[in-house]
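*Asks:* quick one, structure for this:
(chains A and B)
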Amino acid sequence: MINILTDKVKEAVFSLYNQQVDEKQIQLQKTGKDFAGDITLVVFPFLRFSKKKPEETGIEIGNYLQENVKEISGFNTIKGFLNLVLDKKYWIGVFRDMITDPDFGLKKPGSENKTILVEFSSPNSNKPLHLGHIRNNLIGYSLSKIFEANGYRVKKVNIVNDRGIHICKSMLAWQKWGRGTTPETAGKKGDKLVGDFYVKFENEYKKQVQSLIAEGTDKDKAVRIAPIIKEAQEMLRRWEDGDKEVVDLWNRMNGWVYKGFDKTYKALGVSFDKIYYESDTYKTGREIVLSALEKGILFKKEDGSVWVDLSEKGLDKKVLLRSDGTAVYMTQDIGTAYQRYDDFEFFRQVYVVGNEQNYHFQVLVLLLNKIGYAWAKDIYHLSYGMVELPEGKMKSREGKVVDADDLIIEMIDTARDMSEELGKLDTYSEKQKEEIFRIIGLGALKYFILKVDPKKNMTFNPEESIDFNGNTGPFIQYTYARIKSVLRKAVEKNIEIQNETNTGFDPNKKEIELIKILAGFPKIVQDAAGQMTPAVIANYCYELTKEFNQFYHDFSILSVDDYETRNFRLQLSEITGYTIEKCMGLLGIDVPERM
RNA sequence: GGCCCCAUAGUUCAAGGGAUAGAAUAGCAGUUUCCUAAACUGUAGAUACAGGUUCGAGUCCUGUUGGGGCUACCA
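*Replies:* The predicted model follows:
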């Protein structure tokens, strides 16, 4: 519709004022809430052509459009705004499209014939997942659904940082104080157990540093020479040499962690098409760096370390291989990116990584470009904001974190308490009930996080986030359950919904309003992909839900005698429920049949 | 020190340079003989400060203040 109007406005200006206008000057937008009309044209840009007052210009263009566009049934102008009213028949036409096309708003998977890679999660293998990872996972997962809905082939990938000093710290602490503990003997998830040893290491390390300082060593030196950190570094060297004992322990403990991660991923409802491990990709990275060094793209310092100079781009020099030849984070990321292009020939690669790594990705892209990879330009860093707690930033070293598993359980518990109190599910089996509690609890958590624009920092207040009223997941789920309930009642009453709507049918204002919102779904799906934000979907879904609740409150559906009205309202309810389900699906949120 | 990001009701979030800045929550006041009241209705409350660009600025530019991040031969 917007496209048709854009052309017609161009025509109008040409025929009225004999001027060509640039499409950028044609601003068509949704009419504001308190004004009559559906689409508004901003006429200010045309004043220099018409040489008339804004209102007169608006009326002239309005007249032209009404005569030449059959869907326009009227218009009004207020100041420089031309509000166009679309005919009810037009809206009923759109409504029929929605009803006949179950995939309304969604493109066929793979119709774009382009592959987008979405990297998310990217955990370290030395500690459990926390709230920050939850935001990361939810954004990444939702985004891949949104890309799919726009017709792209999507590959969800994860990179595990399984190599480096951090994992050696956990390993060392386990050797020292573990006494052979395993997740089984400790009765603990593997990632939790390994995380505990990481904390043990850090505590001991801190102690050693403090006593060194007390003995008169200065702080910087103490941090470097504490015996336990020396041991950890030695262990890392042995790992890089392939020392069997170290590698075996590394494999064993990582295995525990992955098992734990799998549980958390499963509980969150996210999955991956391919998991990369830094321990595999860092070697590729090193080869690339070495060959680039030969070509003179990089340079070597006297001590043998390899660097890239990005000062011409306004950035610093950056180390790529240490003087002992070992790889750093950046080296590994070069290797991973290369590997992925080799695997998938992506049209675009989106990294869902926190904004504290903005600099890292800026360097990565410039570097890949410098090395000569044409696909470097197709890399996009979706830099999401930090999740803060009301008392400030989470600090994993100080144990000030919200654990992912704990949070999920807490949300489900709250859903259970609330549901039992309301007592609407008393006739269901325990198993059925638990499934509903899970859907609600997770829905609350996911929606709370995804409704915020990824780019922005957000505050997570544990008390407020478990509120299930207002702009929340459960509010939307509740509306869905009510719609389902009405549809079930219709079946009980032997009322069959006919898939037809007479163009002569005259919906009331609220019904038209709902159709208008429903008709906006395809654009929302596109916008969400374009702006790479699930929040667009969440806010749309909330708006739709609220509108439906008002309709539901004000009008009867089943008890209407007039066949046509009742059938129309049932269709409207069905399509609203279906659209809610699609939206929530794009967010990775399930909807319950009842609650 | 240098570079980057952010600042909207008490609080948590919205607002592609466009109309009277939307919601939610907390507060106050209401709505259940009727399809699920986890609902609906009403009420009050905000663009950090100072300039500038523009017909028009929460949005763009400059400065100030306040907050966060990066600036490792950690990942």
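*Asks:* just give me how far stretch A:365-374 sits from the chain centre.
*Replies:* 27 Å (CA atoms, centre = their mean, to the nearest Å).
*Asks:* that stretch near RNA strand B anywhere?
*Replies:* No. Stretch A:365-374 does not reach RNA strand B (CB under 7 Å from any atom of the strand); its nearest approach is 13.4 Å. C-beta: built from backbone N, CA, C; applies to glycine.
*Asks:* now swap in stretch A:290-306 and tell me
*Replies:* Yes. For stretch A:290-306 and RNA strand B, the contact criterion (CB under 7 Å from any atom of the strand) is met by A:301, A:303, A:305.
*Asks:* so which of those sit within helices?
*Replies:* Nothing among those maps onto helices, per DSSP state H.
*Asks:* top of those by neighbour count?
*Replies:* Within the residues of stretch A:290-306 next to RNA strand B, residue A:305 tops the neighbour count with 17 neighbours, counted by other CB atoms under 10 Å.
*Asks:* need the nearest residue in space to that residue, chain neighbours excluded.
*Replies:* What sits nearest to residue A:305 in space, not counting adjacent residues and going by CB to CB, 6 or more residues apart in numbering, is residue A:323, at 4.3 Å.
*Asks:* with residue A:469 instead?
*Replies:* Leaving aside its sequence neighbours, residue A:469 sits nearest to residue A:475 (CB to CB, 6+ apart; 6.5 Å).
*Asks:* and what about the one you found, helix, strand or coil?
*Replies:* The three-state label given to residue A:475 by DSSP: H, G, I helix; E, B strand; the rest coil is helix.
*Asks:* that one contacts residue A:468, doesn't it?
*Replies:* Yes. Using CB atoms under 8 Å, residue A:475 is in contact with residue A:468, at 7.1 Å.
*Asks:* give me the pLDDT for the residue lying closest to residue A:50 once chain neighbours are set aside.
*Replies:* Nearest residue to residue A:50, sequence neighbours excluded (CB to CB, 6+ apart): residue A:57, at 4.3 Å. For residue A:57, the pLDDT comes out at 93.
*Asks:* kindly report the same for residue A:401.
*Replies:* 82.
*Asks:* now swap in residue A:396 and tell me
*Replies:* At residue A:396, pLDDT is 60.
*Asks:* pLDDT below threshold where in the stretch 251-400 of chain A?
*Replies:* A:394-400 (pLDDT under 70).
*Asks:* equivalent analysis for the stretch 451-595 of chain A, please.
*Replies:* Within the stretch 451-595 of chain A, no range satisfies pLDDT under 70.
*Asks:* up against RNA strand B, what does it have?
*Replies:* A:451-453, A:456-459, A:461, A:464, A:467-472, A:474-475, A:478, A:481-482, A:484-486, A:489, A:535, A:539, A:542, A:546, A:549-550, A:552-559, A:594-595.
*Asks:* ok, the closest residue to residue A:166 other than its chain neighbours - contacts?
*Replies:* In this structure, residue A:166 finds its nearest non-sequential neighbour in residue A:126, 4.5 Å apart by CB to CB, 6+ apart. Going by CB atoms under 8 Å, 6 or more residues apart in numbering, residue A:126 touches A:166, A:167, A:169, A:170, A:194, A:195, A:198, A:257.
*Asks:* just say helix, strand or coil for residue A:126.
*Replies:* Taking three-state DSSP, the label given to residue A:126 is coil.
*Asks:* for it, phi and psi?
*Replies:* Backbone torsions for residue A:126, taken as degrees, to the nearest 10, come to phi -110, psi 0.
*Asks:* surely residue A:272 and residue A:157 touch.
*Replies:* Yes. Residue A:272 lies in contact with residue A:157 (CB under 8 Å); the separation is 6.2 Å.
*Asks:* looking at the two, which is more packed in?
*Replies:* In this view residue A:272 and residue A:157 are compared by other CB under 10 Å, and residue A:157 has more residues nearby, 26 against 19.
*Asks:* give me the element the more buried one is part of.
*Replies:* Residue A:157 belongs to strand A:153-160 when assigned by DSSP states H and E.
*Asks:* hmm, the helix or strand following that strand in reach of RNA strand B?
*Replies:* Per DSSP H and E, the first helix or strand lying C-terminal to strand A:153-160 is helix A:165-177. Yes. If you take CB under 7 Å from any atom of the strand as the test, helix A:165-177 does meet RNA strand B, through A:165, A:166.
*Asks:* buried sites along helix A:165-177?
*Replies:* A:166, A:167, A:168, A:169, A:170, A:171, A:172, A:173, A:174, A:175 (16 or more other CB atoms under 10 Å).
*Asks:* who's in contact with the second one?
*Replies:* I take that to be residue A:167. Applying CB under 8 Å, 6+ apart, the residues near residue A:167 are A:124, A:125, A:126, A:250, A:253, A:254.
*Asks:* quick check, nearest of those residues to residue A:515?
*Replies:* Each of the contacts of residue A:167 was checked against residue A:515 using CB to CB; the closest is residue A:124, at 49.3 Å.
*Asks:* can you name the residues in contact with stretch A:410-418?
*Replies:* A:433, A:436-438, A:440-442, A:444-445, A:462, A:466, A:468, A:474.
*Asks:* same deal with stretch A:553-561?
*Replies:* Counting by CB under 8 Å, 6+ apart, A:486, A:489, A:490, A:493, A:495, A:508, A:510, A:566, A:569, A:570, A:573 sit against stretch A:553-561.
*Asks:* can you do 7 Å?
*Replies:* Applying CB atoms under 7 Å, 6 or more residues apart in numbering, the contact partners of stretch A:553-561 are A:486, A:489, A:490, A:493, A:510, A:566, A:569, A:570, A:573.
*Asks:* ok, for the second one, nearest residue in space, not its chain neighbours?
*Replies:* Here the nearest residue to residue A:489 in space, its sequence neighbours aside, is residue A:558; by CB to CB, 6+ apart that works out to 5.9 Å.
*Asks:* now do the phi/psi pair for the one you found.
*Replies:* Per degrees, to the nearest 10, the backbone of residue A:558 is at phi -80, psi -30.
*Asks:* helices or strands up against the helix or strand where residue A:449 lies?
*Replies:* For residue A:449, the element it lies in under DSSP H and E is helix A:430-450. When contacts are defined as 3 or more CB pairs under 7 Å, 6 or more residues apart in numbering; DSSP states H and E, helix A:430-450 sits against helix A:131-149, helix A:404-422, helix A:473-492, helix A:535-554.
*Asks:* can I get stretch A:3-19 in PDB, CA atoms only?
*Replies:* Taking Å, rounded to 0.1, in the frame of the first residue of the first chain, the C-alpha atoms of stretch A:3-19 are listed here in PDB:
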ATOM      1  CA  ASN A   3       4.500   1.700  -2.400                       C
ATOM      2  CA  ILE A   4       1.300   2.400  -4.300                       C
ATOM      3  CA  LEU A   5       0.800   5.700  -2.400                       C
ATOM      4  CA  THR A   6       4.400   6.800  -2.900                       C
ATOM      5  CA  ASP A   7       4.000   6.500  -6.700                       C
ATOM      6  CA  LYS A   8       0.700   8.200  -6.600                       C
ATOM      7  CA  VAL A   9       2.000  11.100  -4.500                       C
ATOM      8  CA  LYS A  10       4.800  11.500  -7.000                       C
ATOM      9  CA  GLU A  11       2.200  11.600  -9.700                       C
ATOM     10  CA  ALA A  12       0.100  14.100  -7.800                       C
ATOM     11  CA  VAL A  13       3.000  16.500  -7.300                       C
ATOM     12  CA  PHE A  14       3.900  16.300 -10.900                       C
ATOM     13  CA  SER A  15       0.400  16.800 -12.200                       C
ATOM     14  CA  LEU A  16      -0.400  19.600  -9.700                       C
ATOM     15  CA  TYR A  17       2.900  21.500  -9.600                       C
ATOM     16  CA  ASN A  18       4.800  20.100 -12.500                       C
ATOM     17  CA  GLN A  19       7.700  19.000 -10.300                       C
END
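*Asks:* perfect, I'm done here.
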